[in-house]
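Q: Here is my input; please provide its structure:
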Amino acid sequence: MTYDAVLNQLGLIPNEALLVQLENIEKNTHGYEKIIKHIMDLHEALKTCESYVALSNSHDYFKIKIDATSDISKSEAHEKINHFCDKFKVEIQKVQDKPTYYILGFDK
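A: Numbers count the residues shown, from 1 in each chain. Below you'll find the predicted structure:
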């Protein structure tokens, strides 16, 4: 999957800065080439729960952001994230005091 395609699927307009950021994310994400399609599928699945995958502004990782306002949507988002991690053996890291997770890549 090309960087332009990834950015477009995330709702971003490709530019030089985003392409460089995505290149750095690829370098930091263990197994990027095998996991990127699944990350984009997770992004689509989370939309129904008021949540999404995005590029982190502070670290070179994809982040999962839970913006759900209802407890039901929050619970559904967590279920989808847990299913994603279990099914594809993906390691994530919770951001302290925020409903956000970094996608580190496949478990090593």
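
Q: okay, CA-based contacts and neighbour counts for the rest of this
A: Fine.

Q: Could you find the closest non-adjacent residue to Tyr102?
A: Excluding the flanking residues, the one nearest Tyr102 by C-alpha to C-alpha, 6 or more residues apart in numbering is Lys63, at 4.4 Å.

Q: how distant is whichever strand or helix holds the one you found from the center of its chain?
A: Counting by DSSP states H and E, the element that carries Lys63 is strand 62-66. Chain-centre distance of strand 62-66: 5 Å, with C-alpha atoms, centre = their mean, to the nearest Å.

Q: Flag the shaky bits of this structure, pLDDT-wise.
A: In the predicted model of the chain, residues 108 satisfy pLDDT under 70.

Q: all helices of it, in order?
A: 3-9, 16-28, 32-46, 71-88 (DSSP state H).

Q: Now render those helices as TSV, adding distance to Leu104.
A: Converted to TSV, those look like this (distance: least, C-alpha to C-alpha, whole Å):
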stretch	distance to Leu104
helix 3-9	17
helix 16-28	7
helix 32-46	9
helix 71-88	11
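
Q: just so I know, which of those helices lies nearest His59?
A: Nearest to His59, of all the helices of the chain, is helix 16-28, at 8.4 Å by C-alpha to C-alpha.

Q: for the closest one, which positions count as buried?
A: Neighbour-count burial for helix 16-28, with 16 or more other C-alpha atoms under 10 Å as criterion, is recorded at Leu18, Gln21, Leu22, Ile25, Glu26, Asn28.

Q: What's opposite the one residue sitting closest to the centre of the chain in the beta bridge?
A: Centroid-nearest residue in the chain, with C-alpha atoms, centre = their mean: Val53, separated by 3.7 Å. Counting by DSSP bridges, Val53 is bridged to Ile64.

Q: That one reaches Ala45, doesn't it?
A: No: using C-alpha atoms under 8 Å, Val53 is not in contact with Ala45; the gap is 9.9 Å.

Q: Next, show the common contact partners of the two.
A: Common contact partners of Val53 and Ala45 (C-alpha atoms under 8 Å, 6 or more residues apart in numbering): none.
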